[in-house]
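Peer 1: build the 3D model from these lines:
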Amino acid sequence: MHPKFILVSSPDSPLVGTFVYGMVGQHKELVQGYVKVHGGGWYLKDDAARTMTLYGSSGDYGEPKLAFLNRIPSELRGYKFFFSPGWNLPPNELDLTDIEYV
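Peer 2: Prediction:
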């Protein structure tokens, strides 16, 4: 099991993406129901520092389209999000100003 995430949108809100994450073998295990997947990758969650760093891309769905990072699970409220295209590259902080927590 590995820490993986995807960004998904539902047919009733195709332009609103939701962050879905979990410990899975393959990214497709995170898909529930009929949704459009907008890429994914790996994550590193640091509860002590309250950070979530997103990395790379999904072998199943490609690079994450961060424009679809619109909704985040409420248990991550107060976390800072960062993104890096690779493990060895410094991450950039993501702007969560207009994020909805669900």
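Peer 1: just the strands in the protein please.
Peer 2: 2-10, 13-24, 36-46, 51-55, 71-72, 80-84, 92-93, 100-101 (DSSP state E).
Peer 1: closest to Glu63 out of those strands?
Peer 2: Glu63 lies closest, by CB to CB, to one member of the strands of the chain: strand 36-46, at 5.0 Å. C-beta coordinates here come from the backbone N, C-alpha and C atoms, glycine included.
Peer 1: per-residue pLDDT, Leu7?
Peer 2: As predicted, Leu7 sits at a pLDDT of 98.
Peer 1: just list whatever residues bridge to Lys45.
Peer 2: Per DSSP bridges, the residues bridged to Lys45 are Met52.
Peer 1: count the residues that sit near Lys28.
Peer 2: Lys28 has 15 neighbouring residues, counting by other CB atoms under 10 Å.
Peer 1: apart from its chain neighbours, what residue comes closest to it?
Peer 2: Distances taken as CB to CB, 6 or more residues apart in numbering put Asp60 closest to Lys28, at 5.1 Å, once the chain neighbours are dropped.
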